[in-house]
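>>> build me a model:
(2 chains)
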There are 2 protein chains.
Amino acid sequence: MRKERLFTPGPVQIPDRVLKVLGEQIIHHRTPEFKEIFLYTRELFKRVVDSPSENFVYFASSGTGAMEAAVINFFKPGEKVVVVNAGKFGERWGQIARTYGLEVVELKYEWGKSVDIDQLEDTLNKNPDAKGVLFQISETSTGAYHDYKAIGRICKDRDTLVVADAITALGVYNIKPQEEGVDILIGGSQKALMLPPGLSVIWFSERAAERLGGMPKYYFDVAKEIKKQREGTTAYTPAVSLILGLRESLEMLLEEGMENVEKRHRLMSEATRRAVEALGFEVLPENPAISVIAVLSDEAEALRKAMLKRGIRTAGGQDHLKGKLFRISHMGYLDALDHLSAIGALELAMVEVYGKTDHLGVGVKAFQERILGG
Amino acid sequence: MRKERLFTPGPVQIPDRVLKVLGEQIIHHRTPEFKEIFLYTRELFKRVVDSPSENFVYFASSGTGAMEAAVINFFKPGEKVVVVNAGKFGERWGQIARTYGLEVVELKYEWGKSVDIDQLEDTLNKNPDAKGVLFQISETSTGAYHDYKAIGRICKDRDTLVVADAITALGVYNIKPQEEGVDILIGGSQKALMLPPGLSVIWFSERAAERLGGMPKYYFDVAKEIKKQREGTTAYTPAVSLILGLRESLEMLLEEGMENVEKRHRLMSEATRRAVEALGFEVLPENPAISVIAVLSDEAEALRKAMLKRGIRTAGGQDHLKGKLFRISHMGYLDALDHLSAIGALELAMVEVYGKTDHLGVGVKAFQERILGG
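Next up, the predicted model:
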């Protein structure tokens, strides 16, 4: 018997309650039934982001599609944006922005670093014509956190949109974009929303709405979709099954409460960090996100392989960090005991890779102590 | 007890075999397991389109996304294309092409008509610089068929790409794009591929491949995807669950055989046509597609409502044909007896709407006779 548990930062372990819905016969999207469910998921989503605003749309695409939508709907060719590039996904912001002819001022950091807020402020002072700051709340490739609230604060009185890729942050942090000064917030289904990939969401502020227009687009047309979606329909066929699943997963998040959702991720993140540090590892980021932890090891691939054999699937490093780290996600349908088993598997993997046993239980104990409030 | 059967032209009834897979725990997409399945679906797809070419990619999007991909990857702003507009989806080709600055020569027909091949040839003679002909094989809004083989023949010796929206034709007709002169073929998951919406596919010929480039794009970048996908991966997170489902549905189509798949749709289409004509209705198109039948009736909405009460969900007319027709799809997991029950439901609906009973069994009998080879 081999059970696999996804500790990868997307796709994640899907709750049984969601799977049940995904395995049911499909319904048609131009029906009162679907419309009601669609509008209901919108009400739930408003509660998740704690804003009564109707300014958000779903797309049938993966998260990158919604990142592109942010660029082509809210910016024009030739406009200047500041991009925080401290990992694979920050790099992607730059690629998308340049593809569409934006002028990119890049704040490049070593992978694992978080944005230096003073430096960002300085950059914005030097570039008062910057129309947006594009960054990740959680940079999935490195596990680093970029302080979106601080970015929100420094852009508040500027004509600069705060564009947050929250693909591995929405449903992790208790993000309140309206209150916290985020203008564009992007999410993806296969992360903390606990669904298969293929659904993305883009939320935008009132002042972002005033900039709607951007450049030529058809499929990712936010203005066209918003008109339809607030009425309970979509411009093109929606990802019906994922919307049905979304109803379940948003309900689950709200039943737990967004504050508790963040607490849970924080606890899992901190306890896992204590565990891996007790086992002698270092984590890559100075300021870790609570969605996924990136653990440094030259034996990362061997450890991952040995953990996988026991039933724990982790992610490796990306690009130049391939083979240099393994990543353990806290998103999805994973509780404390699941995490405990992942730490246990890591300890067993270490026996195999390092040929020693004196660390057994050490990580698990550190994890347990943190869970108990230590 | 109320059972609903989807006779809508997408989403369609999903086979149990596919549903089973959709309801299972997800797997990660950067794994040997997924890679193997992904490449296997590519092998299956090659058999479906009867071509060994690797020139096709999947996107996590609905079909409209792949239509956009065709325009932005294979054409440049200012280039001229001929668009066949004989319904809602032909109109969409024109909208997408104009959005991206193509010069559109529109062959506009009344809804329900098929393209006049002589007129198209004449138009191409007058516009030798036309870089493409954009059309639907099956125009879903009217149920009309556009003779893609004839279009393939007249474009063979021209520098004009044959761009076929096959969203409601792939998995219906035994389309062999390479042999039949289609340069770009577009499909969507929620039609005859019998999956939920959210996966699209775009196949292209060798001569189309030479034109790859087009205009700025990021998410729908065919050149970037083809490099990845022929190696078994994707540029961005794929629609994992739909790819897993696709393995099942493509296997089902190939087990039946593509020739038989087309025969089945043709038989269902013809038998349904006989039935509705025996019941006194007229079908809209002169040259009907075999994917969906569009039946004219001023009582269309009342009939649809009464059929729905019995468990048959049909589609209505779109735009100016709203209330003027109902559409019965033959795509998806629907056999002859399912169709028989739909005809039976239509007869029962007619009792309710017209207050007469002398037609009972008349449609069913005509359907049965055609099934028996009459």
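>>> which parts of the stretch 1-150 of chain A sit against chain B?
Residues of the stretch 1-150 of chain A lying near chain B by C-beta under 8 Å from any C-beta of the partner chain: A:4, A:6, A:8, A:10-14, A:19-20, A:22-31, A:60-65, A:68, A:95-96, A:99-101. Every residue, glycine included, has its C-beta placed from N, CA and C.
>>> restricted to helices, list those residues.
Mapping these onto helices (DSSP state H) picks out A:19-20, A:22, A:63-65, A:68, A:95-96, A:99.
>>> contacting residues around the longest helix anywhere in chain A?
If you go by DSSP H, chain A has its longest helix at helix A:258-278. Applying C-beta atoms under 8 Å, 6 or more residues apart in numbering or on different chains, the contact partners of helix A:258-278 are A:47-48, A:50, A:171-174, A:192, A:253, A:256, A:283, A:288-291, A:293, A:295, A:328, A:330-331, A:334, A:336, A:339, A:342-343, A:346, A:362-367, A:369-371.
>>> returning to that earlier point: any of the ones in helices among the residues of the stretch 1-150 of chain A next to chain B buried? List them.
A:19, A:22, A:63-65, A:68, A:96, A:99 (16 or more other C-beta atoms under 10 Å in any protein chain shown).
>>> out of the residues you listed, who's nearest residue B:91?
residue A:65 (23.8 Å; C-beta to C-beta).
>>> just checking, the closest one touches residue B:68?
No. The pair residue A:65 / residue B:68 is not scored as a contact, 11.2 Å apart, by C-beta atoms under 8 Å.
>>> where does the prediction get shaky in the stretch 51-200 of chain A?
Scanning the stretch 51-200 of chain A for pLDDT under 70 picks out no residues.
>>> point me to the residue of the stretch 1-150 of chain A nearest chain B.
Nearest residue of the stretch 1-150 of chain A to chain B, counting by C-beta to the nearest C-beta: residue A:23, 2.0 Å away.
>>> without its sequence neighbours, what residue ends up closest to that residue?
Leaving aside its sequence neighbours, residue A:23 sits nearest to residue B:23 (C-beta to C-beta, 6 or more residues apart in numbering or on different chains; 2.0 Å).
>>> which residues does that neighbour contact?
A:19-20, A:22-24.
>>> okay, now residue A:280: neighbour count?
12 (other C-beta atoms under 10 Å in any protein chain shown).
>>> quick check: the gap between the closest residue to it other than its chain neighbours and chain B.
Of all residues not flanking residue A:280 in the chain, residue A:359 sits nearest, at 7.3 Å (C-beta to C-beta, 6+ apart). Distance of residue A:359 to chain B, computed by C-beta to the nearest C-beta, to the nearest Å: 27 Å.
>>> residue A:359 - how many residues pack around it?
Residue A:359 has 15 nearby residues by other C-beta under 10 Å.
>>> that one touches residue A:347, doesn't it?
Yes. The pair residue A:359 and residue A:347 qualifies as a contact (C-beta under 8 Å) at a distance of 6.1 Å.
>>> overlap in contacts of the two?
residue A:279.
>>> tell me how far residue A:283 lies from residue A:328.
Between residue A:283 and residue A:328 the distance is 10 Å, computed by C-beta to C-beta, to the nearest Å.
>>> overlap in contacts of the two?
Applying C-beta under 8 Å, 6+ apart, one finds that residue A:283 and residue A:328 are jointly contacted by A:293, A:295.
>>> the more surrounded of the two?
Using other C-beta under 10 Å as the criterion, residue A:283 and residue A:328 rank with residue A:328 on top: 30 against 22.
>>> just want the angle from the helix or strand containing residue A:36 to helix A:258-278.
In the assignment (DSSP states H and E), residue A:36 maps to helix A:32-48. Helix A:32-48 runs at 60 degrees relative to helix A:258-278, counting by axes from the mean of the first three to the mean of the last three C-alpha atoms, to 10 degrees.
>>> give me the domain ranges for chain A.
Chain A breaks down into these domains under automatic domain parsing: A:5-11+A:257-371, A:16-256.
>>> does the residue nearest the centre of chain A sit in a helix, a strand or a coil?
Centroid-nearest residue in chain A, with C-alpha atoms, centre = their mean: residue A:168, separated by 1.0 Å. Counting by DSSP: H, G, I helix; E, B strand; the rest coil, the backbone at residue A:168 sits in coil.
>>> that one: what's it in contact with?
With contacts defined as C-beta under 8 Å, 6+ apart, residue A:168 is in contact with A:9-10, A:136-138, A:140, A:191-192, A:289, A:291-292, A:331.
>>> got CSV for those, with secondary structure, distance to residue A:120 and neighbour count too?
Conversion of the contacts of residue A:168 to CSV gives the following (DSSP: H, G, I helix; E, B strand; the rest coil; distance: C-beta to C-beta, whole Å; neighbours: other C-beta atoms under 10 Å in any protein chain shown):
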residue, secondary structure, distance to residue A:120, neighbour count
A:9, coil, 25, 29
A:10, coil, 27, 28
A:136, strand, 14, 31
A:137, coil, 14, 25
A:138, strand, 17, 32
A:140, coil, 20, 27
A:191, coil, 25, 29
A:192, coil, 26, 29
A:289, coil, 18, 27
A:291, coil, 21, 30
A:292, strand, 23, 31
A:331, coil, 27, 29
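>>> need those residues in TSV (columns: distance to residue A:314).
Shown next, in TSV, are the contacts of residue A:168 (distance: C-beta to C-beta, whole Å):
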residue	distance to residue A:314
A:9	9
A:10	13
A:136	20
A:137	22
A:138	17
A:140	13
A:191	15
A:192	17
A:289	16
A:291	14
A:292	10
A:331	13
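>>> from those residues, pick the one nearest residue B:319.
residue A:191 (37.8 Å).
>>> now that closest one: how far from residue A:329?
8 Å.
>>> got any residues that touch both of these two?
The contact sets of residue A:191 and residue A:329 overlap at A:9-10, A:12, A:291 (C-beta under 8 Å, 6+ apart).
>>> what's the closest of those residues to residue A:129?
Closest to residue A:129, out of all of the shared contacts of residue A:191 and residue A:329 and judged by C-beta to C-beta, is residue A:291, at 33.1 Å.
>>> how many residues are close by residue A:336?
15.
>>> I figured it hits residue A:368, correct?
No. Contact criterion C-beta under 8 Å: residue A:336 and residue A:368 do not qualify, at 9.0 Å.
>>> just to revisit the earlier point, weed out the non-buried ones from the contacts of helix A:258-278.
A:48, A:171-174, A:192, A:253, A:283, A:288-291, A:293, A:295, A:328, A:330-331, A:334, A:339, A:342-343, A:346, A:362-364, A:366-367, A:370-371.
>>> what does the stretch 251-374 of chain A put close to chain B?
Residues of the stretch 251-374 of chain A lying close to chain B by C-beta under 8 Å from any C-beta are A:313, A:315.
>>> 6 Å - rerun?
residue A:313 (C-beta under 6 Å from any C-beta of the partner chain).
>>> which parts of the stretch 251-374 of chain A are strands?
A:282-283, A:292-296, A:312-313, A:315-316, A:325-329 (DSSP state E, counting those that start in this stretch).
>>> any idea of the mean pLDDT for the fourth one?
Spelled out, it's strand A:315-316. Strand A:315-316 carries an average pLDDT of 98.
>>> lovely, talk soon.
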